[in-house]
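Enquirer: Sequence first, predicted coordinates after that:
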Amino acid sequence: MNQEEILITGGSGMVGNAFKRIIPNAIYISSKDYDLRSHFETGRMFANYKPKYVIHLAAKVGGIKANMENLGDFYTDNILINTNVLESAKIFNVKKVVSLLSTCIYPNDVQYPLTEEQIHNGPPHQSNYSYAYAKRMLDIQSRAYREQYGCNFITAVPNNLFGENDNYDLNDSHVIPAMMHKMHLAKQKEESVVLWGNGSPLREFTYSLDLANILLFLLEHYNDSEPINVGNTGEYSIMEIAQLIAAYIDFDGPIVWDSSKPSGQLRKPSDNSKLLSLGWRPEMYTDFKVALLAATDWFSINHSIARGV
């Protein structure tokens, strides 16, 4: 397939920017170009570009605080975006759509590691349930369009993402970029840094550049209706992450854990054996500490122009 045949929604985000390092000639769409919450705008985008393939990254995303304070927005915006993209892809006879889900769609009470058949076996964690249900509906809609219309729509489930060009807004960013921003400010002001929770939850992380390569791999090698886990394995505690970022950003002040704030789920390791069965290999993931250092260095150099700062 030609790069020019691939349209990528969410093209100005972290993963979209990672794609630009691999397939620079693809069609990149951001919210400044088209409002995908609008059925008309989304249809106009497809009519203008007529893509053969779509990698659907666009979503309203954020950390625990943003999710808990904007439940309605997280649900409605994501339902509208996903519905409009898939409906337009159907109307314009797109050959294949790869949509991005999240491990937050998994039930709160579940056996570990997370395997794809468990996704709909119970309610998700309360801290971001509206976003999680909207992402679950993206899975349902992709399956439904496949069964009724024969659309080749697939979904991929990464775990916690990080990388260059992330969103560093302290009110709605994820854990790693939020820590980077907080420690950068604390270092400048020679203050302590306050982080939510107690630091004990364990998380797996996937580098944005790795995810971009995996989604291109799936575009050619995966055609099943069931979602597929694509995240890197190997757990790190939130406290370990904070210590690594502090070392990389050269922050030596006190780190204070505010246990009155929620920590999130204790752990949610995922099983990526289905991905490995397709030919992806563990060594194809970037070493976590190497990737975290690259992402931290990028923020240290570009913080004045970084999104959300």
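Expert: Received it, and whenever you're ready, just let me know what you need.
Enquirer: Let me see the mean pLDDT of stretch 63-73.
Expert: Throughout stretch 63-73, pLDDT has a mean value of 82.
Enquirer: Endpoint to endpoint, that stretch covers what distance?
Expert: Across stretch 63-73, the terminal residues are separated by 14 Å (Cα to Cα, to the nearest Å).
Enquirer: Next, the buried residues of that stretch.
Expert: Neighbour counts using 16 or more other Cβ atoms under 10 Å place 63, 64, 65, 66, 67, 68, 70 of stretch 63-73 among the buried residues. To be clear about C-beta, it is placed using only N, CA and C from the backbone, and glycine gets the same treatment.
Enquirer: Same question for stretch 40-49.
Expert: Applying 16+ other Cβ under 10 Å to stretch 40-49 flags 42, 43, 45, 46 as buried.
Enquirer: And the buried residues of stretch 63-73, which is closest to residue 264?
Expert: For these, the closest approach to residue 264 (Cβ to Cβ) belongs to residue 64, at 5.9 Å.
Enquirer: Identify, from the buried residues of stretch 63-73, the entry nearest to residue 30.
Expert: Looking across the buried residues of stretch 63-73 and measuring by Cβ to Cβ, the closest to residue 30 is residue 66, at 19.4 Å.
Enquirer: can you tell me which of the buried residues of stretch 63-73 are in helices?
Expert: Mapping the buried residues of stretch 63-73 onto helices (DSSP state H) picks out 64, 65, 66, 67, 68.
Enquirer: could you dump those to a markdown table with distance to residue 2?
Expert: What follows is those, written out as a markdown table (distance: Cβ to Cβ, whole Å):
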| residue | distance to residue 2 |
| --- | --- |
| 64 | 41 |
| 65 | 42 |
| 66 | 37 |
| 67 | 38 |
| 68 | 43 |
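Enquirer: Quick check: the gap between residue 4 and residue 218.
Expert: Noted for residue 4: a distance of 20 Å to residue 218, by Cβ to Cβ, to the nearest Å.
Enquirer: When the two are compared, which one has more neighbours?
Expert: More neighbours surround residue 218 than the other of residue 4 and residue 218, with 21 against 13 (other Cβ atoms under 10 Å).
Enquirer: Quick one: residues contacting the more buried one.
Expert: 98, 154, 156, 228, 230, 278 (Cβ atoms under 8 Å, 6 or more residues apart in numbering).
Enquirer: So among the residues you listed, which ones count as buried?
Expert: Buried among those by 16+ other Cβ under 10 Å: 98, 154, 156, 228, 230.
Enquirer: Grab the nearest non-local neighbour of the residue sitting furthest away from the middle of the chain.
Expert: Distance from the C-alpha centroid of the chain peaks at residue 190, with 32.2 Å (Cα atoms, centre = their mean). In space, residue 190 comes closest to residue 253 once its chain neighbours are excluded; the distance is 6.8 Å by Cβ to Cβ, 6 or more residues apart in numbering.
Enquirer: The one you found contacts residue 188, correct?
Expert: No: judged on Cβ atoms under 8 Å, residue 253 makes no contact with residue 188 at a distance of 10.6 Å.
Enquirer: Tell me which of these two has more neighbours.
Expert: Of the pair residue 253 and residue 188, residue 253 is the one with more neighbours under other Cβ under 10 Å, namely 14 against 10.
Enquirer: can you pull the contacts of residue 261?
Expert: Per Cβ under 8 Å, 6+ apart, neighbours of residue 261: 196, 197.
Enquirer: repeat for residue 77
Expert: Residue 77 makes contact with 37, 60, according to Cβ under 8 Å, 6+ apart.
Enquirer: Against residue 70, how distant is it?
Expert: 9 Å.
Enquirer: same deal with residue 199?
Expert: 25 Å.
Enquirer: related to what we said a few turns ago, can you tell me which helix or strand the residue nearest to residue 190 belongs to?
Expert: Under DSSP states H and E, no helix or strand contains residue 253.
Enquirer: residues touching residue 107, list them.
Expert: 118, 119, 121, 122, 123, 124.
Enquirer: No more questions from me, cheers.
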